[in-house]
Each structure stands twice: as structure tokens, then as C-alpha cells.
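Visitor: Okay, predicted coordinates and the sequence, questions at the end:
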Amino acid sequence: MKDDLHFLRLWDTYSPLLTATQREITDLYFNYDLSLGEIAEQKGVSRQSVSDCLQKCRKQLEKYEEKLCFLKALDELSREYSAYMTEVERFIEAEGENSPALCRLKEKLNEVHKQFGAETTALEDGEIVGKAFRKEE
């Protein structure tokens, strides 16, 4: 399951670099949850060729990340964003809601959040964690 989530993050980032057939097969398998047999039947190929395609795509996407490091950069940006939002929340708690400058800063950070499509989750201790930056489609 963890490997599938990692693959999906890679796929979201690098799928435009795959061939149309590779994109379609990986999309059917991971996003539409079709079995190898169902995909093979739909595409008119063997189950083994679907399996081979998925394995090849995994390796290819891993190589793209190894060379380009987009996910690593996005994760770092997400951590920075989370740290800034956490700090602003703590300042607002200390200063109260009456600090217009801090409220404006929080609004600006939320605009950045919306621009990049980063989801956040407020934890019990008030910390905000960015999950991922991705383009909403």
C-alpha cells in the first residue's frame, strides 16, 4: 500500500513523460482499480504484458525522480510552508486575534496554499502540516 502511494505521487508528477499507452495502463490500474486481467482484456493484450508495463513504468518514474528530484523539492517546500504556518498560528495565539499584521500574513500564506493545491491538517497541538503540493485537475 505504501509503495502504491509513493508510485501515485510519482505518477502525478511525472506521468506526462510516459507514453500514452503507459499512462493509460497505469491510470486504469491505480486510479480505476482494474485488475491486470481486466486491463489486458480491455487493451487486447496479455496479463503478463500489463504486468511488465507496470513494472517498467515504476522503474522509469523512479529514475525520473532520481534525476529531477521534483518530489523531494516539493516535500521540502511543503515542510517550509508548514513551519511558517505553525509559527504564524503560534504568534496569533500569543498576540491574540487582534494583530492585523499576523492575520494578513496568515491570509497570504493561505493564498500560497491554495495556489499550489497543498492540503493541510491542523493537529491537536496547533501544528499545521502540509501534505503535498499538486496541481488540481
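Guide: Thanks, I have the structure now. Numbering: from 1, shown residues only.
Visitor: what's near enough to touch the residue lying closest to residue 34 once chain neighbours are set aside?
Guide: Leaving aside its sequence neighbours, residue 34 sits nearest to residue 28 (CB to CB, 6 or more residues apart in numbering; 4.7 Å). In short, each C-beta sits where N, CA and C put it, glycine included. By CB atoms under 8 Å, 6 or more residues apart in numbering, residue 28 lies in contact with 34, 38, 39, 42.
Visitor: From residue 75, how far off is residue 28?
Guide: 28 Å (CB to CB, to the nearest Å).
Visitor: so the residue of the chain most remote from its centre, which of the three states?
Guide: Using CA atoms, centre = their mean, the residue of the chain lying farthest from its centre is residue 98. It sits 35.1 Å away. Secondary structure, DSSP: H, G, I helix; E, B strand; the rest coil: residue 98 is coil.
Visitor: residues touching residue 30, list them.
Guide: Residue 30 touches 4, 7, 8, 11, counting by CB under 8 Å, 6+ apart.
Visitor: Quick one: buried ones out of the residues you listed?
Guide: 7, 11 (16 or more other CB atoms under 10 Å).
Visitor: want to throw the contacts of residue 30 into JSON lines with distance to residue 103?
Guide: Formatted as JSON lines, the contacts of residue 30 follow (distance: CB to CB, whole Å):
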{"residue": "4", "distance to residue 103": "40"}
{"residue": "7", "distance to residue 103": "40"}
{"residue": "8", "distance to residue 103": "36"}
{"residue": "11", "distance to residue 103": "38"}
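Visitor: Kindly indicate which of the contacts of residue 30 lies nearest residue 66.
Guide: residue 7 (14.2 Å; CB to CB).
Visitor: hang on, the closest one packs against residue 59?
Guide: No - Residue 7 lies out of contact with residue 59 (CB atoms under 8 Å); the separation is 10.7 Å.
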